[in-house]
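Q: Got a sequence here, can you build the structure:
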Amino acid sequence: MSEILLSVFVNLSVNRFEMQTQLGFFAFNLSFLIYSSSEALPVFLEERKILMKETSIGAYRVSSYILANTLVFIPFLLIVALLYAVPTYWLVGLRGDIDGFLYFSLVVWLVLLMSNSFVACFSSLVSSFMVGIALVEGLMGTFFLFSGYFISKNDISGYWIWVHYLSLVKYPFESFLINEFGRESGRWRCLNRHEDGCLMNGEEFLKNQNLKEIQKWYNLGIMLVFIFGYRFLSLLVLYYRSYKSRN
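A: Next up is the predicted model:
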């Protein structure tokens, strides 16, 4: 799938694609990363069966499983993130400096960890794989809808705005945009060119999106909260299930 992504968006900046194509790359990039994590659902469900048996006889604690599971995925997903980011960043033609690449790789890694934690949390709640995949993918689709890509934050109805702030897509999507179109190397990059000249540069685009440079670090913090928050919720649910199985 990554090969298809690269073949479609290769040399994005060189060919001067219009702004919508550039935004489409970041959106599809996130959808590929987040939906790929749903493949871990059957693994988590199988581990949950074993965990319930082991904790019912006091073999080990639920907290030990959550900690071990998290520590195993951290380096594994880092390798996956680098294997994905290295060819994607340079072949697509994103901002050509090492700082931009390192930040892009960091966001990719946190996206994988965040979506993995999300799947782990809901795998502790659902009764079967079919229920789990429907719930996980349905929620992920909702997160994409309210991320700010398909509909602007200002156009979201007041009773739906909370979904925008809980979206797993909003924060990495904004981070990708700021990383690409912020700082000196991206600020004056033309995003929409006309025969009369440049209609919009990176600085104007970020202003229109109400995005500031400092938000790239704030968004990383929010993503870390999601990672640890979903893991903690998974701990609570599994502890409750374990308690019920013993009693």
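
Q: Find the nearest non-adjacent residue to V169, please.
A: Spatial nearest neighbour of V169, excluding adjacent residues (Cβ to Cβ, 6 or more residues apart in numbering): S147 at 3.6 Å. All C-beta atoms are positioned from the backbone trio N, CA, C, and that covers glycine.

Q: dump the residue contacts of the one you found.
A: Residues near S147 by Cβ atoms under 8 Å, 6 or more residues apart in numbering: 27, 164, 167, 169-170, 173.

Q: and what of G148?
A: With Cβ under 8 Å, 6+ apart, G148 has these contacts: 164, 167, 170, 173-174, 209.

Q: which helices and strands sit right next to the strand or helix carrying Y240?
A: Using DSSP states H and E, Y240 maps to helix 215-246. If contacts are counted by 3 or more Cβ pairs under 8 Å, 6 or more residues apart in numbering; DSSP states H and E, helix 215-246 sits against helix 41-56, helix 62-92, helix 98-123, helix 170-181.

Q: I'd like the distance between the residue nearest to R231 when sequence neighbours are not counted and Y171.
A: In space, and not counting its chain neighbours, R231 is closest to S117: 5.1 Å by Cβ to Cβ, 6+ apart. To Y171, S117 is 14 Å away according to Cβ to Cβ, to the nearest Å.

Q: anything in contact with each of these two?
A: The contact sets of S117 and Y171 overlap at F226 (Cβ under 8 Å, 6+ apart).

Q: Run a quick neighbour tally on V119.
A: As a burial measure, V119 scores 24 neighbours (other Cβ atoms under 10 Å).

Q: Can you pull the phi and psi angles for L199?
A: In terms of degrees, to the nearest 10, the main-chain angles of L199 are phi -90, psi -30.

Q: From F122, how far out is the most centrally placed residue in the chain?
A: By Cα atoms, centre = their mean, the mean C-alpha position of the chain lies nearest to V111, the distance being 3.2 Å. V111 is 17 Å from F122, where distance means Cβ to Cβ.

Q: Next: K207.
A: For K207, the distance to F122 - Cβ to Cβ - is 37 Å.

Q: Same question for I57.
A: To F122, I57 is 26 Å away according to Cβ to Cβ.

Q: the more surrounded of those two?
A: F122 (22 against 8).

Q: tell me the contacts of that one?
A: 132, 135-136, 139.

Q: Please indicate which of these has the highest neighbour count?
A: Highest neighbour count within those, by other Cβ under 10 Å: V136, with 23 neighbours.

Q: for this structure, which spans come out with low pLDDT?
A: Low-confidence segments of the chain, defined by pLDDT under 70, span residues 1-20, 184-189, 191-197, 247.

Q: F205 falls within a helix, correct?
A: Yes: assessed by DSSP: H, G, I helix; E, B strand; the rest coil, F205 belongs to a helix.
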